[in-house]
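Novice: Pasted the sequence and its predicted model underneath.
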Amino acid sequence: MERVVLRKFAKELMSTFKLQATEKKLDLDLIFDDDLPEVIRTDSHRLNQILKNLISNALKFTERGKVQVEIKKQNKDKILFSVIDSGIGIPEEKHSAIFEAFQQADGSTSRKYGGTGLGLSISRELAKLLGGEIFLKSKVNQGSTFSLSLPIETNEISISEKENEVFHNSVDSIQNEFINYPTLQDDRNQIGENDKVLLVIEDDLKFASVLIKQANEKGFKCISAATGEDGLILTRKYKPHAIILDLDLPGIKGQTVLNELKADQSIRHIPVHIVSANEYSLELIRGGAVEHIRKPIHKKELDEAFNRIENFINRKMKNLLIIEDDFNSRKMMLKLIGNGDVKCFEADSGKEALRVYAENHFDCIVLDIGLPDMSGFELIQEMEKIKNGRIPPIVIYTGKELTKEEDKELQKYSESIIIKGIKSEERLLDETALFLHRMINDLPEAKQNIINNLYDKDSVLFQKKILLVDDDMRNVFALSKILSEKGMNVLKAEDGNSALELLSKNEDVDLVLMDIMMPEMDGYETMKKIREISKYKNLTIIALTAKAMQNDRQKCIEAGANDYIPKPVDVERLFSLMRVWLSK
């Protein structure tokens, strides 16, 4: 427990939602009662989680009007935090149901806005842990009021008692462990040495329950997380055999979770199966996902998906197809990649490749596009016809300098393009290890060293030239100091025009950190202008955004960003993203 200065806490909390409210043209008001105590004693992190969820939901389901946060004394011992919106409201008969799996009254509106933060079920249990409770007042078309009643003084004993009641854990474990749906039981306490373990990262309570039940029926022990942050913690703790990952998660999104999983050498071999309502994305497969299954998913499709997961886990030998007309290059690749866990097949022509491909299952393909009898494009298109379009990850490994048109065309089909040259063999070993889901520690020591050297945390960032674009000089000062401490050279621009001018004078910039909300030319427009310059088409841009909108990442990507990270910036997460992109 800690002392929380109420006014400071509330103002900082509200500042994180100002941009979201402005974008939706909603008023966002904060009202303090005159007789509020200056300080309360509680867990500020848990309180922040609860209120962020309530405010986020209010903004999502309010199309016009305002969202108001009121803080007042309920009585001499308690404080009342109320989040009041002018949204669509909730029928009285559904008031209790929404705390099980939150859904607003209008189903179409629910679908329109997607996820709902940590979920009211979690918020309610967090409130209990703090000795409080959540109330709801709402009528259809008249808005909703969610109120959190909390003791002014929460002591360690009351937290522990509630904790035992709800989570059956100690205070320390609840602070250091993940928060999951309280009503969702998984198998983390019954995992044996020889059990097959599946991790489900999914914030939809009902769908998560379906996945756990199905996993148990298939002989898996299942653990689950409701957020990406918790999923990463559980992955590192339990080292599951496979992961089912949703994309539209509260907090960090599924794409970022995938990036972080695949950037960690100790866990990147774990196969990740995406199950999401989002459109199919080759970017996810390029990022190392095994497959992308679209919701809604029927029982038969789910059965087939679990069969693929089981087959993937049970099949210790992975198959690699090397398509290369040069004999010496093929032998080099066999020696570089081949080991006890990978069976390599060879083809020296397009015709031979199609024959071998049709007769065998492959986990990854290495392709040189300069074949004697057909182009790499033609070969890939023919492969698509053979197995209903389910082509395994393709790594283009070629000495040919690609034209702009060739590069654009290949990007549609291939997961990675490696031009033979400096460190190209090392990258080939690394990329195939990623798509074959090889455990780095199981490789021969020499090959482990090759991959580890590629990902040396300091070397990949050291002496890289970074362009930092942000109009807030406090952010610029803080971030540039942190980047410089890692040995990076930082160029600073306070707006889009300055960024373009600096780029024109510094063509060797390795990566751009781009703030989105800037005066005159915002980050979206600046990124579009950068991408219009041909020499910067492959320059890595990571967007920094203070907004919490569901489609934020997609808007950034469409404008030209490679990835994005929300503000306030988690420095370790930023470094992790930078390592991933600078290593490509």
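Specialist: Structure's in. What do you need?

Novice: in the stretch 1-150 of the chain, what spans have low per-residue confidence?
Specialist: 94-119, 121 (pLDDT under 70).

Novice: doesn't residue 262 make contact with residue 440?
Specialist: No - applying Cβ atoms under 8 Å as the test, residue 440 and residue 262 come out as separate, 11.8 Å apart. (C-beta placed from N, C-alpha, C; glycine too.)

Novice: what do these two both touch?
Specialist: Residues touching both residue 440 and residue 262 (Cβ atoms under 8 Å, 6 or more residues apart in numbering): residue 268.

Novice: What count of nearby residues applies to residue 516?
Specialist: Here the number of neighbours of residue 516 (other Cβ atoms under 10 Å) works out to 24.

Novice: Quick check: phi and psi at it.
Specialist: Backbone torsions of residue 516, given as degrees, to the nearest 10, read phi -90, psi -50.

Novice: okay, now the domains of the chain?
Specialist: 2-175, 188-314, 318-454, 465-582 (automatic domain parsing).

Novice: residues touching the residue most central in space within the chain, list them.
Specialist: By Cα atoms, centre = their mean, the chain has its centre lying nearest to residue 256, at 2.5 Å. Residue 256 makes contact with 228, 563, 565, 573, 577, according to Cβ under 8 Å, 6+ apart.

Novice: any weak-confidence spans in the stretch 451-584 of the chain?
Specialist: In the stretch 451-584 of the chain, residues with pLDDT under 70: 454-458, 546-553, 584.

Novice: my bad, the stretch 151-300 of the chain
Specialist: If you take pLDDT under 70 as the line, the stretch 151-300 of the chain has these spans: 155-184, 250-251, 280, 282.

Novice: Strands along that one, start to end?
Specialist: 196-201, 220-225, 242-245, 272-276, 291-294 (DSSP state E, counting those that start in this stretch).

Novice: Now do the third one: distance to the chain's middle.
Specialist: Here strand 242-245 shows a centroid-to-chain-centroid distance of 13 Å under the convention Cα atoms, centre = their mean, to the nearest Å.

Novice: looking just at contacts, which helices and strands does that strand meet?
Specialist: strand 196-201, helix 228-238, helix 254-263, strand 272-276, helix 299-314 (3 or more Cβ pairs under 8 Å, 6 or more residues apart in numbering; DSSP states H and E).

Novice: Make CSV from the ones you listed and add distance to residue 492 to it.
Specialist: Shown next, in CSV, are the helices and strands packed on strand 242-245 (distance: least, Cβ to Cβ, whole Å):
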stretch, distance to residue 492
strand 196-201, 37
helix 228-238, 30
helix 254-263, 25
strand 272-276, 37
helix 299-314, 46
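
Novice: re earlier: nearest approach to residue 53 belongs to which of the strands of the stretch 151-300 of the chain?
Specialist: Among the strands of the stretch 151-300 of the chain, the nearest to residue 53 by Cβ to Cβ is strand 220-225 (16.1 Å).

Novice: which helices and strands does that closest one pack with?
Specialist: When contacts are defined as 3+ Cβ pairs under 8 Å, 6+ apart, strand 220-225 packs onto strand 196-201, helix 205-217, helix 228-238.

Novice: For the residue in the chain sticking out farthest from the centre, what is the enclosing helix or strand?
Specialist: Distance from the C-alpha centroid of the chain peaks at residue 76, with 43.3 Å (Cα atoms, centre = their mean). For residue 76, there is no enclosing helix or strand under DSSP states H and E.

Novice: Identify the residues contacting it.
Specialist: Counting by Cβ under 8 Å, 6+ apart, residue 76 has no contacts.

Novice: again, only using 10 Å
Specialist: By Cβ atoms under 10 Å, 6 or more residues apart in numbering, the contact set of residue 76 is residue 152.

Novice: For it, give me phi and psi.
Specialist: As for residue 76, its main-chain torsions (degrees, to the nearest 10) stand at phi -70, psi -20.

Novice: Return the distance of it relative to residue 8.
Specialist: To residue 8, residue 76 is 23 Å away according to Cβ to Cβ, to the nearest Å.

Novice: again with residue 257
Specialist: From residue 257 to residue 8 the distance is 32 Å (Cβ to Cβ).

Novice: ok so, going back, so which of the strands of the stretch 151-300 of the chain gets nearest residue 82?
Specialist: strand 220-225 (29.8 Å).

Novice: partners of the closest one in the sheet?
Specialist: strand 196-201 (parallel) (DSSP bridges).

Novice: Mind exporting the C-alpha coordinates of the strand it pairs with to CSV?
Specialist: What follows is strand 196-201, C-alpha atoms only, in CSV (Å, rounded to 0.1, in the frame of the first residue of the first chain):
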residue,chain,number,x,y,z
LYS,A,196,2.0,-30.5,-23.2
VAL,A,197,1.3,-26.9,-22.2
LEU,A,198,-0.8,-24.4,-24.2
LEU,A,199,-0.9,-20.7,-23.4
VAL,A,200,-4.1,-18.8,-24.4
ILE,A,201,-3.7,-15.0,-24.6
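
Novice: which residues touch residue 358?
Specialist: Contacts of residue 358 by Cβ under 10 Å, 6+ apart are 382, 383, 386, 387.

Novice: Ignore what I typed, I meant residue 536.
Specialist: If a contact means Cβ under 10 Å, 6+ apart, then residue 536 has 500, 503, 507, 509, 512, 527, 529, 530, 560 as its contacts.

Novice: so of those, which ones are in strands?
Specialist: residue 512 (DSSP state E).

Novice: Which other helices and strands does the helix or strand where residue 449 lies contact?
Specialist: Following DSSP H and E, the helix or strand that holds residue 449 is helix 445-454. When contacts are defined as 3 or more Cβ pairs under 10 Å, 6 or more residues apart in numbering; DSSP states H and E, helix 445-454 sits against helix 327-337, helix 424-435.

Novice: okay if I get those as a markdown table plus mean pLDDT and distance to residue 86?
Specialist: Formatted as a markdown table, those follow (pLDDT from 0 to 100; distance: least, Cβ to Cβ, whole Å):
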| stretch | mean pLDDT | distance to residue 86 |
| --- | --- | --- |
| helix 327-337 | 90 | 60 |
| helix 424-435 | 81 | 48 |
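
Novice: Just send those helices back as JSON lines, with distance to residue 246 and mean neighbour count too.
Specialist: Formatted as JSON lines, the helices and strands packed on helix 445-454 follow (distance: least, Cβ to Cβ, whole Å; neighbours: other Cβ atoms under 10 Å):
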{"stretch": "helix 327-337", "distance to residue 246": "32", "mean neighbour count": "15"}
{"stretch": "helix 424-435", "distance to residue 246": "22", "mean neighbour count": "21"}
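
Novice: These: which one's closest to residue 129?
Specialist: helix 424-435 (39.6 Å).

Novice: Can you select the buried ones among the contacts of residue 536 for me in ChimeraX?
Specialist: With 16 or more other Cβ atoms under 10 Å as the burial test, the buried ones among the contacts of residue 536 are selected in ChimeraX as follows:
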select :500,503,509,512,527,529,530,560
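
Novice: How many residues are close by the closest residue to residue 267 other than its chain neighbours?
Specialist: Among residues not flanking residue 267 along the chain, residue 235 sits closest, at 5.4 Å (Cβ to Cβ, 6 or more residues apart in numbering). By other Cβ under 10 Å, 23 other residues sit near residue 235.
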